[in-house]
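Q: fold the following and give me the result.
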Amino acid sequence: MLRDIFYTSQRNLYDLFKIGICGHQVDSAGFRRIIDEVGGSGISESDCDLAFKLVSINNKITFDQFEKRFKSEVPNGLEFETKVVRQVREWMFRSNLSSELAFDGLCRSVACFHTKRLNRAQFHRAMASCEVGLSAAKTDSLFAALASEA
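A: The predicted structure follows:
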């Protein structure tokens, strides 16, 4: 979840790391500053502390550790076809949806049924609300692929 929040902030990981830096590392208070800065206000203090404990070593995070834990992998080529498209197809199969019904459902979920057009932010919200299960980076890749076809 944090990886997706960081990705959708459209800032690089080093800039995010600098928000919470203390010396050459980030401590738990700095980690909370990063989350607050990117709009993670829906993340409770206890969840933030738990996430920090999971990714830190000796209650500190270096940039290398931060980057390793929170880098979003953007699929391309064959990986895109096998991972992203397959995951969308599985969601459609589980939901018993044709391509048209799936798109209508996405549009309905963000109140765009009449226009049948979704911008990037609406597409992200629709994919999340319909519980397709793609990460923010994969959702972005799918949006870019679909937008280039239009």
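
Q: for Val74, which residues are in contact?
A: Shown in contact with Val74 (CB atoms under 8 Å, 6 or more residues apart in numbering): 137-138, 140-141. From N, CA and C alone the C-beta is placed, and that goes for glycine too.

Q: in helices, which of these appear?
A: Among the contacts of Val74, the members falling in helices (DSSP state H) are 137-138, 140-141.

Q: make JSON lines out of these and add distance to Ser129 and pLDDT.
A: Formatted as JSON lines, the ones in helices among the contacts of Val74 follow (distance: CB to CB, whole Å; pLDDT from 0 to 100):
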{"residue": "Ala137", "distance to Ser129": "18", "pLDDT": "85"}
{"residue": "Lys138", "distance to Ser129": "16", "pLDDT": "88"}
{"residue": "Asp140", "distance to Ser129": "16", "pLDDT": "87"}
{"residue": "Ser141", "distance to Ser129": "19", "pLDDT": "84"}
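
Q: which one of these is nearest to Arg3?
A: Taking CB to CB as the measure, Arg3 sits nearest to Ala137 out of the ones in helices among the contacts of Val74, at 8.0 Å.

Q: what's the burial count for the closest residue to that closest one other than its chain neighbours?
A: Leaving out its chain neighbours, the residue that sits closest to Ala137 by CB to CB, 6 or more residues apart in numbering is Ser72, at 3.8 Å. Ser72: 15 surrounding residues under other CB atoms under 10 Å.

Q: quick one, what contacts Ser72?
A: Applying CB under 8 Å, 6+ apart to Ser72 gives the contacts 3-4, 6-7, 135-137.

Q: which among the residues you listed end up buried?
A: Buried by 16 or more other CB atoms under 10 Å: 4, 6-7, 135-137, out of the contacts of Ser72.

Q: farthest-apart pair in the contacts of Ser72, please.
A: So, the contacts of Ser72 by CB to CB: farthest apart are Phe6 and Ser135, at 11.1 Å.
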